[in-house]
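A.B. asks: Predicted coordinates and the sequence they were generated for:
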Amino acid sequence: MGTVLEIKHLTKYYGKVLGVKDLSLSLQSGEIFGFIGPNGAGKSTAIRSIMHLIRKTSGEILINGQSFDKDNTDFKELIGYLPSEIYLYDDLTAKEILDYHETFYKKDIHKRRCELVKRFQLDEKKKIEDLSLGNLKKLGIILAFMHEPKLIILDEATSGLDPIMQQEFYTLLLEEKKRGTTIFYSTHILNEVSKICDRVGMIKDGKLLKIETISELSKKNLVFVTISSKEKEKIKENLKIESIFEDENTIKFKNYLDFNTLLNKLTKYKIDKLLIEEATLEDLFLHDYK
Amino acid sequence: MLKRELKVNLKSFIIWTVLLIGMFLVVFLVYPSIVNSNNIEMMDEMMKMFPSEMLKAFNMDLSTIDSAFGWLKTEGFIFVLLVVGCYCSILGSTILLKEESDHTIEYLNSLPITRNKIVISKVLCGLFYIVLMIFLLTIFNYIGLSFSGKFDHKQYFLLSITPIFSSIVIFFFCLLLSTFTHKNKRILGMSLGVVFISYILYTLSSLSKEVEFLKYISIFTLADIRHVILNTSINPVMIVMSVILSTLFFILALVRYNKKELL
């Protein structure tokens, strides 16, 4: 497994406003890397810097170990890109934009295009301006994948797709992974990350918080406890709880005690309901953000 | 890519060309009746009442308007300069910027194509339409003039070519301006302003010796119609200046575009 994409100390400022600071990560061949973060965290800034749509303030982007310059068309042939919002030429039909797309690549990509059109059931006769959001997304996916890129950069790829097409898209990603394609997947849908990614990088306020494998994340022993009791306030005081949810008689909190100590302490009170649950990946991500 | 550019810009080219040709068609249809009436003598008398500076501004000190060719040499070609100038300014300022204002640049940038190639394709398309517009107008007016009587063919062809020198500079200047912004609307007004201010400066410069220097800051000076009327040749200085300025603006536009943040 070689390194396909390497980002070294990528920093981007918009004037004095920070976009991304000192972002460093590397993606291996055949890896699906999830890049997650809340709105405004710097995900799109990072992607646009990688794609040279905006000028990075400092840092370096390497592809296959070589510096990726904005005019390096050989490297651009290796990249498939799907932006979060797809804007194409409205006056063209889907067929015309696909034909146009083909003209930019040295190799014959027509066969793969036909396979993808059939797979995503795209009506090629429709004008782009008449395509629904979902169909526009399908067209974007076909454009990003049809030249069999070695590195695919996806930004909020499934927004607008119906559940069946979403599933089809995940299957396509896993097939591409098997073929050795590297995928950089930016999203804020945490469920997607746990489904398809090998590793995940979390970004907040322009800074990369951490990179973890999905299996490492799953092993984290974060447990939530929900108690319903009329003695809620006493429990709260005794256990020194910081609640994450509270109503009249119910309290939910992260448990840092071992289970025996917790249960021993709770036996003193009249408990109506007790729920102890392991955190989902989504909870783990949210926990890390807070 | 060039093929696509040509297709995208065809509609506006047709509209502007039809506007220009339509205007000259009206002139060719109306002029015989004006020439054959007593009105033309009255107009000549009226012209004599205007100050010489005013007549100079419209080349009326060099030519009378008692024929269609005479009208072309005076008001006709100034009209061509202005209309083609406006077309070039709009084309130059929007041809690159449209990709950004329509957000299609994100797609275009992801393709294996350099920014230089994007600019060059668009410039080639722009130059093709500017030259074609002037060529079509030249052919149309030639046919029109042939029906209107005798005229100096060499002088006519040289006069017809002259607007190219200012138009291409306007195109490249507006192309350069467009690399400083992301908004189509903002640049359109500015580009048309360049054309009209340039024209006003050009007209003012001929009104008196004191303000003659203004012609050096007007792009329309490059289309030296007076020189063609007086010498039946194109001023070589203006050709050289036009090539230098176009090349300079083109290189600056390339440099700027390569550094530009496209989103």
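C.D. replies: Structure's in. What do you need?

A.B. asks: okay, and for chain B, where does confidence drop off?
C.D. replies: Residues of chain B meeting the criterion pLDDT under 70: B:34-44, B:46-48, B:50, B:52-66.

A.B. asks: Would you mind listing what in it touches chain A?
C.D. replies: By Cβ under 8 Å from any Cβ of the partner chain, the part of chain B that sits against chain A consists of B:1, B:4, B:8, B:102-107, B:109-116, B:258-259, B:261-263. Bear in mind the C-beta positions are built from the backbone N, C-alpha and C, glycine included.

A.B. asks: Can you turn the buried part of those residues into a PyMOL selection?
C.D. replies: Selection of buried members from those for PyMOL, criterion 16 or more other Cβ atoms under 10 Å in any protein chain shown:
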select buried, chain B and resi 1+4+8+104+105+106+107+109+110+111+112+113+115+262+263
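
A.B. asks: mind listing which of the residues of chain B next to chain A are in helices?
C.D. replies: Members of the residues of chain B next to chain A lying in helices (criterion: DSSP state H): B:4, B:8, B:105-107, B:109-110, B:115-116, B:258-259.

A.B. asks: can you give me the helices in the stretch 1-150 of chain B?
C.D. replies: Assigned by DSSP state H, counting those that start in this stretch, the stretch 1-150 of chain B shows helices spanning B:2-35, B:39-49, B:52-57, B:68-71, B:77-94, B:97-101, B:105-110, B:115-148.

A.B. asks: separation between the residue lying closest to residue A:238 once chain neighbours are set aside and chain B?
C.D. replies: Excluding the flanking residues, the one nearest residue A:238 by Cβ to Cβ, 6 or more residues apart in numbering or on different chains is residue A:265, at 6.3 Å. Per Cβ to the nearest Cβ, to the nearest Å, residue A:265 is found 55 Å from chain B.

A.B. asks: pLDDT wise, what is residue A:265 at?
C.D. replies: pLDDT recorded at residue A:265 is 86.

A.B. asks: ok, it touching residue A:239?
C.D. replies: Yes. If you go by Cβ atoms under 8 Å, residue A:265 and residue A:239 touch, sitting 6.0 Å apart.

A.B. asks: Could you check which of these two has the larger neighbour count?
C.D. replies: The neighbour count for residue A:265 versus residue A:239, taken as other Cβ atoms under 10 Å in any protein chain shown, is higher for residue A:239 (20 against 13).

A.B. asks: How about the backbone phi and psi for the more buried one?
C.D. replies: phi -90, psi 0 (degrees, to the nearest 10).

A.B. asks: wait, what's in contact with it?
C.D. replies: Going by Cβ atoms under 8 Å, 6 or more residues apart in numbering or on different chains, residue A:239 touches A:253, A:257, A:262, A:265.

A.B. asks: So, low pLDDT: which residues of the stretch 101-250 of chain A?
C.D. replies: Within the stretch 101-250 of chain A, the segments meeting pLDDT under 70 span A:218-221.

A.B. asks: And the residue of it that's closest to chain B?
C.D. replies: residue A:104 (4.6 Å; Cβ to the nearest Cβ).

A.B. asks: show me what contacts the spatially closest residue to that residue that is not a sequence neighbour?
C.D. replies: Spatial nearest neighbour of residue A:104, excluding adjacent residues (Cβ to Cβ, 6+ apart): residue B:111 at 4.6 Å. With contact taken as Cβ under 8 Å, 6+ apart, residue B:111 is in contact with A:76, A:101, A:104.

A.B. asks: Kindly confirm my reading that residue A:252 forms part of a strand.
C.D. replies: Yes. Checked against DSSP: H, G, I helix; E, B strand; the rest coil, residue A:252 lies within a strand.

A.B. asks: Can you tell me how far it is from residue A:272?
C.D. replies: Remark: distance between residue A:252 and residue A:272 (Cβ to Cβ, to the nearest Å) = 14 Å.

A.B. asks: who's more crowded, those two?
C.D. replies: A direct count of neighbours by other Cβ under 10 Å for residue A:252 and residue A:272 places residue A:252 higher, at 17 against 13.

A.B. asks: Identify the bridge partners of the more buried one.
C.D. replies: Residue A:252 has the following beta-bridge partners by DSSP bridges: residue A:226, residue A:245.

A.B. asks: pretty sure residue A:21 belongs to a strand, no?
C.D. replies: Yes. Per three-state DSSP, residue A:21 lies within a strand segment.

A.B. asks: which residues touch it?
C.D. replies: Neighbour list for residue A:21: A:11, A:206-207 [criterion: Cβ under 8 Å, 6+ apart].

A.B. asks: Check it and give its pLDDT.
C.D. replies: On pLDDT, residue A:21 comes in at 92.

A.B. asks: Name the nearest residue to it, sequence neighbours excluded.
C.D. replies: Among residues not flanking residue A:21 along the chain, residue A:206 sits closest, at 4.8 Å (Cβ to Cβ, 6+ apart).

A.B. asks: and the helix or strand encompassing residue B:230, what does it pack onto?
C.D. replies: Element membership of residue B:230, judged by DSSP states H and E, is helix B:225-231. Applying 3 or more Cβ pairs under 8 Å, 6 or more residues apart in numbering or on different chains; DSSP states H and E, one finds that helix B:225-231 makes contact with helix B:77-94, helix B:153-161.

A.B. asks: what about residue 143, how many residues close to it?
C.D. replies: Since you didn't name a chain, this refers to chain A. The burial count for residue A:143: 24, using other Cβ under 10 Å.

A.B. asks: please go with chain B instead
C.D. replies: Neighbour count for residue B:143, taken as other Cβ under 10 Å: 11.

A.B. asks: what's the closest of the contacts of residue A:239 to chain B?
C.D. replies: The closest of the contacts of residue A:239, once distances to chain B are taken by Cβ to the nearest Cβ, is residue A:253, at 43.1 Å.

A.B. asks: how near is the nearest residue to that closest one once chain neighbours are set aside to residue A:224?
C.D. replies: Once flanking residues are discounted, residue A:253 sits nearest to residue A:241: 4.5 Å by Cβ to Cβ, 6+ apart. Applying Cβ to Cβ, the value for residue A:241 to residue A:224 is 12 Å.

A.B. asks: shared neighbours, those two?
C.D. replies: Going by Cβ under 8 Å, 6+ apart, residues that sit against residue A:241 and also against residue A:224 are residue A:253.

A.B. asks: What is the top helix by length along chain A packed up against?
C.D. replies: In chain A, assigned by DSSP H, the helix with the most residues is helix A:163-178. Packing partners of helix A:163-178 (3+ Cβ pairs under 8 Å, 6+ apart): helix A:133-145, strand A:182-187, helix A:190-196.

A.B. asks: Looking at the ones you listed, which is nearest to residue A:51?
C.D. replies: Across the helices and strands packed on helix A:163-178, residue A:51 has its closest neighbour in strand A:182-187 (10.6 Å, Cβ to Cβ).
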